[in-house]
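[1] sequence below, structure please.
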Amino acid sequence: MITNCHQHNRRLLSGFLKTINRVYRRYLHEEGVRVRFAPSPTGYLHIGGLRTALYNYLFARQHKDGKFIVRIEDTDQSRLVPSANRRLIKTLEWAGIRPDESPAVGGDYGPYTQSERLHYYKKYAEQLVSEGRAYRCFCSQRRLGLLKMQQTRNNEVQRYDNRCRHLSESEVREKMLARTPYVIRLVLKSEQMSYKDALVGEMNINLKDYEGDPVLLKSDGFATYHLANVVDDHLMGITHVIRGKEWMSSLPKHFHLYQSLGWQPPQFYHVPLLMNMDGKKLSKRHDAVFVEEYIKRGYTPSALLNFVASCSGGFPQDTFPVVLPDHRELLEHMAENFNLPKLSQHDGKLNFAKLDEFSFELTRSVLTSDDSELKHEIVAQLKEMIKANFEESYIFTEFSDEACDDHLKSILETLKDRVVKLNDLVSQEFAFLWCRPTDYDLEHSKELVKFLKEFIKFVNNTTDWDDEFDATARKLIKKYSNKQLPLWKVMRLMLAGVENGVPVIDLVKILGKTETVRRLETVYNDVMEMDRMTRA
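    Numbering: from 1, shown residues only. Prediction:
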C-alpha cells in the first residue's frame, strides 16, 4: 500500500515537473507555434472540419518548428462511434494533412485522447474547489428538471440557480460521507469581463446575466468540453486556437477558466462557418457534408482542398482553383499564401457547382500534362477502376499491357474536355468504352446493309477527325436515316448499346477507327447471318 502511494506521488511529481518545463519553454519561445484540430469521434469528418483542420495545418507550416496536433475529444461518451477516431485521422491523411502529434503518431504531450486524460481534469477541478473558485453540486437530475420546467413557465432564462454554491463545509462533508453523487461547477462572478478573438476584437460580457454556474466535472468523472478543452490546450502548449465560429459563445467561459487557473490564454481565431447557398446551416439530409462522401464520388484531395479554401478568404493572392500537379504541392503553395488575419468574418456559402468546375479544371490539367510519370500513374489508376467495375472488359483479354496503356492514353486524350472526375469514365455513361454491346436487336434491311458497308469504308479511309469528317459522317447518316431506320439511335445502339447518350459522331471519335470498324462489322455480320437463317 505504501509502495503504491510512493509510486503515485512520484508520477504526480514527474507530471508536475514536465508541465512546468513545457510552460517555461513556451514562454521563452523555445517552442514555435502549436495548433490543434480536436474532433469528436462521433462519425465521419465534416467538410467544415476539413477546412478547420486545413487552416490549422497551414498556420503551423508557416512557422519554423510549428506543430499541428490532432487531439480526440471523446468526453461525451454517449455519442461515440467505434473506430471513428481512426477514420478521422485516415481521412485527414488522404487530404495530405498529416499531424505532427496525434493518438497514432504519439508525441511528448500525450495522451492525445481525452478519455485517457481524466486524471488531469480531476486534478484541476479539485484545485479550483480548494481555492473556492469551484464547488461540488449535489443537485439531482430530478431537481434540475423541475427547475427548468419552472423557469420555462415563468419565461425566465434557463440556468442553474447556484443552490449548492452556498452549502456549508459540514453540509458538503455530510453528503460526501453519504456518497451522494455530485458534479463540480465553476463559480461565475457577477462582473463585466473582457475577452478577445483575434478576428473580431475585444468584447465584454457579464456571464451571470446569461447562465448559472457551469459544470466542469461530471459525476462519472469525465470533464465537460470546457474544462477538458482549457486544461488540454494549456498542458499541450497550444499557442493559437483556430476553430469554428460556433464555439464563440464558449469563449467567455474559457477566458474565465484561464483566469481562475492563473494561466495565460492562447490567441483565439473563430473562423466563419460553411453554409449552403440559402445561407442556412449545411444539412445532412439535403447536402453532402462528410468528406468520405466526396472520396466515394471520386473527387481528388486537390479538388476538395481548393473547394473549401475558396470560401471565406484567407488567400488574398490566390484565384481558385490553384492548379498544381499534386495535392502535396498544393498544400505547400497554400502554406506560403495563407493569411489567417485576412479570413472573412462572414460565413462562407458553399456553391457545390464550383466543386465540379474545380474538379473539371484540375482533371483536365492532369490529363493534358506532359509529365510522363504522372500520365503513367493516371493510366494505372484508371486501369484499376476498370478492373473493379468491368472485370471482363475486352481491353484486358485482347490487348497486351503496352497496347492497353496506349489505348487508355488515347481515350483520356479524347475525353479530356468531358471528364469532371477520373472515375466518371467507369460510370454507366461511358460503359461502352469497356464493354462491347451485345443486344442491339436489329432486323435485316437493305438500307441498313448499304449504310454499314458505306460507313465502314468511310471510317477506314479517314485520316483525320476534322470538320470535314464530321460533315461527311452526318451526311451519310442523314442519307440512309428514315422512320423505319432512325440511324442516329441505331448508331448508338450499334456502338454503345444505348439509344441515348454521347453524340454519335463523338462516339466514333472516342472509340477510334479500329474499334468503331470492329463493332460495325460485328453488327453487319450478325445482320447478314440473321438474314441467311431467315431465308433458310
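[2] contacts and neighbour counts: CA atoms only from here.
    Noted.
[3] what segments of the stretch 1-150 of the chain are helices?
    Along the stretch 1-150 of the chain, the segments classed as helices by DSSP state H, counting those that start in this stretch run 2-27, 47-61, 84-94, 118-130, 141-153.
[4] then the last one to CSV, C-alphas only?
    By that I understand helix 141-153. Only the C-alpha atoms of helix 141-153 are listed here, as CSV (Å, rounded to 0.1, in the frame of the first residue of the first chain):
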residue,chain,number,x,y,z
GLN,A,141,-31.4,15.3,-12.2
ARG,A,142,-35.0,15.4,-10.9
ARG,A,143,-34.4,18.7,-9.2
LEU,A,144,-32.7,20.2,-12.2
GLY,A,145,-35.5,19.1,-14.4
LEU,A,146,-38.1,20.7,-12.1
LEU,A,147,-36.1,23.9,-12.0
LYS,A,148,-36.0,24.0,-15.8
MET,A,149,-39.8,23.5,-16.0
GLN,A,150,-40.5,26.3,-13.5
GLN,A,151,-38.2,28.7,-15.4
THR,A,152,-39.9,27.8,-18.7
ARG,A,153,-43.4,28.5,-17.1
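[5] list the contacts of it.
    Contact with helix 141-153 is made by 157-160, as judged by Cα atoms under 8 Å, 6 or more residues apart in numbering.
[6] so which of the residues you listed are in helices?
    The helices in this structure, assigned by DSSP state H, contain none of those.
[7] got those residues as JSON lines, with neighbour count and distance to Pro486 columns?
    Shown next, in JSON lines, are the contacts of helix 141-153 (neighbours: other Cα atoms under 10 Å; distance: Cα to Cα, whole Å):
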{"residue": "Val157", "neighbour count": "13", "distance to Pro486": "73"}
{"residue": "Gln158", "neighbour count": "15", "distance to Pro486": "73"}
{"residue": "Arg159", "neighbour count": "17", "distance to Pro486": "75"}
{"residue": "Tyr160", "neighbour count": "17", "distance to Pro486": "78"}
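[8] would you list the residues you listed in TSV and tack on pLDDT and distance to Pro316?
    TSV is the format used below for the contacts of helix 141-153 (pLDDT from 0 to 100; distance: Cα to Cα, whole Å):
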residue	pLDDT	distance to Pro316
Val157	89	43
Gln158	92	43
Arg159	94	43
Tyr160	96	46
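[9] helix/strand/coil for His270?
    Here His270 is recorded as strand under DSSP: H, G, I helix; E, B strand; the rest coil.
[10] what about stretch 495-512, how long is it end to end?
    Start-to-end span of stretch 495-512 (Cα to Cα, to the nearest Å) is 11 Å.
[11] any residues touching stretch 225-238, and which ones?
    With contacts defined as Cα under 8 Å, 6+ apart, stretch 225-238 is touched by 19, 22-23, 26, 33-36, 75, 109, 114, 120-121, 124, 216-217, 250, 253-254, 257-258, 263, 265-266.
[12] just the buried subset of those residues, please.
    Buried residues within the contacts of stretch 225-238, counting neighbours by 16 or more other Cα atoms under 10 Å: 19, 22-23, 26, 33-36, 75, 109, 114, 120-121, 124, 216-217, 253-254, 257-258, 265-266.
[13] low pLDDT regions in the stretch 401-536 of the chain?
    For the stretch 401-536 of the chain, applying pLDDT under 70 flags the ranges 536.
[14] quick one, helices of it?
    For the stretch 401-536 of the chain, applying DSSP H, counting those that start in this stretch gives helices covering 401-414, 446-460, 467-480, 487-496, 504-535.
[15] list the buried residues of the first one.
    When neighbours are counted by 16+ other Cα under 10 Å, the buried residues of helix 401-414 are found to be 404-405, 407-409, 411-412, 414.
[16] dump those residues to TSV, plus distance to Thr397.
    Formatted as TSV, these follow (distance: Cα to Cα, whole Å):
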residue	distance to Thr397
Cys404	10
Asp405	13
His407	13
Leu408	14
Lys409	18
Ile411	18
Leu412	20
Thr414	23
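[17] just the closest of the residues you listed to Tyr294, please.
    Closest to Tyr294 out of the buried residues of helix 401-414 is Leu412 (22.2 Å), distances taken as Cα to Cα.
[18] quick check: closest non-adjacent residue to the closest one.
    Spatially, and ignoring its direct neighbours in sequence, Leu412 is nearest to Leu367 (6.5 Å; Cα to Cα, 6 or more residues apart in numbering).
[19] quick one, what contacts the one you found?
    Leu367 neighbours (Cα under 8 Å, 6+ apart): 375, 412-413, 416.
[20] make it 10 Å
    For Leu367, the contact set (Cα atoms under 10 Å, 6 or more residues apart in numbering) comprises 361, 374-375, 378-379, 409, 412-417, 419, 422.
[21] and if you look at Gln264?
    Gln264 neighbours (Cα under 10 Å, 6+ apart): 27, 234, 239, 255, 258.
[22] filter those to the buried ones?
    Looking at the contacts of Gln264 with 16+ other Cα under 10 Å, the buried ones turn out to be 234, 239, 255, 258.
[23] next step: those restricted to helices.
    Using DSSP H, the buried ones among the contacts of Gln264 in helices are 234, 255, 258.
[24] gap between the nearest residue to the second one once chain neighbours are set aside and Asn206?
    Right, the one you point to is Phe255. Counting by Cα to Cα, 6+ apart, Tyr195 is the residue found nearest to Phe255 once chain neighbours are left out, at 6.4 Å. According to Cα to Cα, Tyr195 and Asn206 sit 11 Å apart.
[25] find the residues that touch each one of those two.
    Common neighbours of Tyr195 and Asn206 (Cα under 10 Å, 6+ apart) are Pro252.
[26] residue ranges with poor pLDDT in this structure?
    In the chain, residues with pLDDT under 70: 1-31, 285-287, 536.
[27] just want the most central residue of it.
    The geometric centre of the chain, computed from its C-alpha atoms, lies nearest to Val291 (Cα atoms, centre = their mean), at 3.1 Å.
[28] does Leu331 lie in a helix or a strand, and which?
    Secondary structure assignment for Leu331, by DSSP states H and E: helix 327-337.
[29] which strands or helices does that helix pack on?
    Judged by 3 or more Cα pairs under 10 Å, 6 or more residues apart in numbering; DSSP states H and E, helix 327-337 is in contact with helix 47-61, helix 301-309.
[30] out of the contacts of Leu367, which end up buried?
    Using 16+ other Cα under 10 Å, the buried ones in the contacts of Leu367 are 361, 375, 378-379, 409, 412, 414-416, 419, 422.
[31] between those, which is nearest Lys446?
    Nearest to Lys446 among those, with distances taken as Cα to Cα, is Thr414, at 33.7 Å.
[32] which residue packs closest to that closest one, ignoring adjacent ones?
    In this structure, Thr414 finds its nearest non-sequential neighbour in Ile510, 6.0 Å apart by Cα to Cα, 6+ apart.
[33] before we move on, what about Leu128?
    Excluding the flanking residues, the one nearest Leu128 by Cα to Cα, 6+ apart is Ala134, at 5.2 Å.
[34] the one you found against Val215, yeah?
    Yes - using Cα atoms under 10 Å, Ala134 is in contact with Val215, at 9.3 Å.
[35] what sits in contact with each of those two?
    Common neighbours of Ala134 and Val215, using Cα under 10 Å, 6+ apart, are 184-187.
[36] highest neighbour count among those residues?
    Neighbour counts for those (other Cα atoms under 10 Å) peak at Leu186, which has 26 neighbours.
[37] excluding its backbone neighbours, what's nearest that one?
    Spatial nearest neighbour of Leu186, chain neighbours left out: Ala134 (4.3 Å); criterion: Cα to Cα, 6+ apart.
[38] and what of Leu324?
    Nearest residue to Leu324 in three dimensions, chain neighbours excluded: Leu330, at 6.0 Å (Cα to Cα, 6+ apart).
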